[in-house]
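**Q** Sequence unavailable; structure follows:
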């Protein structure tokens, strides 16, 4: 069986010795260096993580399998604080829809997907840092720092092509959401509520590695590229915080299934390559 078929349940069921052997085999097949395997817990859930290094970038094993993704409004029960914050935002910003419809519009729909195991970067990196300035095609529309002309997807195409030459790619939208939630079906990867204050500065809940060992969805400013140029995940580019939208509208952009559609529409001519990060994925053969 290919290690790409390694599921979360199979990975969790391995003995420590078997997990170490499996991780070592994955390192050999991906040309990475295994740096650690061990237990890890997050938000009351426990599991096992494996970390790898490739050219100074840390990757974590994200087992695959069938997963439930998206926000299910039929399952969601908001707590009193979230309802109060939403009511305040509705008054302040003239939101006309009820909470359930609002959440349905700003999140991906509920669905079940099957995904392969992969190695996912522990932290996102700036696209133009990961790809050196001269790592471009011989297309006249591309300058030293990436594409400067052409259609609205040129910047994304440059990113995809550059990562492909490194044997990497961004996550698909489904992969990003699965990597962030790590099997959690709640609104956020830690539950359905959020702490006091705003998701800015030192907030251990969002800055701690999730169950897969990833630091992901930890900063509203850092929406991340996916394989789909129309889908950025993990934030809104800081619009909610800069705009003073309040707790609910600032926290909701870190919901696992949040979709920032307006920000994705500004990805053209490479304009966001210098400020929008990407989370490299190393496929497992």
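**A** Noted; the coordinates are in hand. All figures in this text were calculated on a predicted structure; none of them were measured in a lab.

**Q** any idea how far residue 223 is from the closest residue to residue 182 other than its chain neighbours?
**A** Nearest residue to residue 182, sequence neighbours excluded (C-beta to C-beta, 6 or more residues apart in numbering): residue 211, at 3.8 Å. Just so you know, the C-beta spots here come from the backbone N, C-alpha and C atoms, and that holds for glycine as well. Plainly put, residue 211 is 22 Å away from residue 223 if you go by C-beta to C-beta, to the nearest Å.

**Q** Residue 130 now?
**A** Distance from residue 130 to residue 223, by C-beta to C-beta: 16 Å.

**Q** These two: which has the busier surroundings?
**A** residue 223 (28 against 20; other C-beta atoms under 10 Å).

**Q** wait, that one sits on residue 240?
**A** No: shown here, residue 223 and residue 240 do not form a contact pair, counting by C-beta atoms under 8 Å, at 11.3 Å.

**Q** mind listing the helices in the chain by residue range?
**A** 8-13, 16-30, 80-93, 99-106, 127-130, 154-165, 173-181, 204-207, 239-242, 247-251, 261-264 (DSSP state H).

**Q** Take those helices and write them to TSV, including distance to residue 41.
**A** Shown next, in TSV, are the helices of the chain (distance: least, C-beta to C-beta, whole Å):
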stretch	distance to residue 41
helix 8-13	13
helix 16-30	16
helix 80-93	25
helix 99-106	28
helix 127-130	30
helix 154-165	32
helix 173-181	16
helix 204-207	13
helix 239-242	29
helix 247-251	23
helix 261-264	33
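
**Q** Residues in contact with stretch 36-56: which ones?
**A** 8, 11-12, 14, 16, 19-20, 23, 26-27, 30-35, 58-61, 119, 122, 182-184, 189-191, 205, 208-213, 282 (C-beta atoms under 8 Å, 6 or more residues apart in numbering).

**Q** ditto for stretch 3-17
**A** The contact list for stretch 3-17 (C-beta under 8 Å, 6+ apart) reads 19, 22, 25-26, 29, 37, 47-48, 61, 63-65, 116-118, 183, 283-285.

**Q** buried subset of the contacts of stretch 36-56?
**A** 8, 11, 14, 19-20, 23, 26-27, 30, 32, 34, 58-61, 119, 122, 182-184, 189-190, 205, 209-213, 282 (16 or more other C-beta atoms under 10 Å).

**Q** Look up the closest residue to residue 82, ignoring the ones flanking it.
**A** Closest to residue 82 by C-beta to C-beta, 6+ apart is residue 193, at 5.8 Å.

**Q** pretty sure the one you found contacts residue 79?
**A** Yes: assessed by C-beta under 8 Å, residue 193 is found in contact with residue 79 at 4.6 Å.

**Q** most centrally placed residue in the protein?
**A** residue 176 (4.1 Å; C-alpha atoms, centre = their mean).

**Q** Tell me who's in contact with that residue.
**A** Contacts of residue 176 (C-beta under 8 Å, 6+ apart): 170, 224, 226, 233-234, 279.
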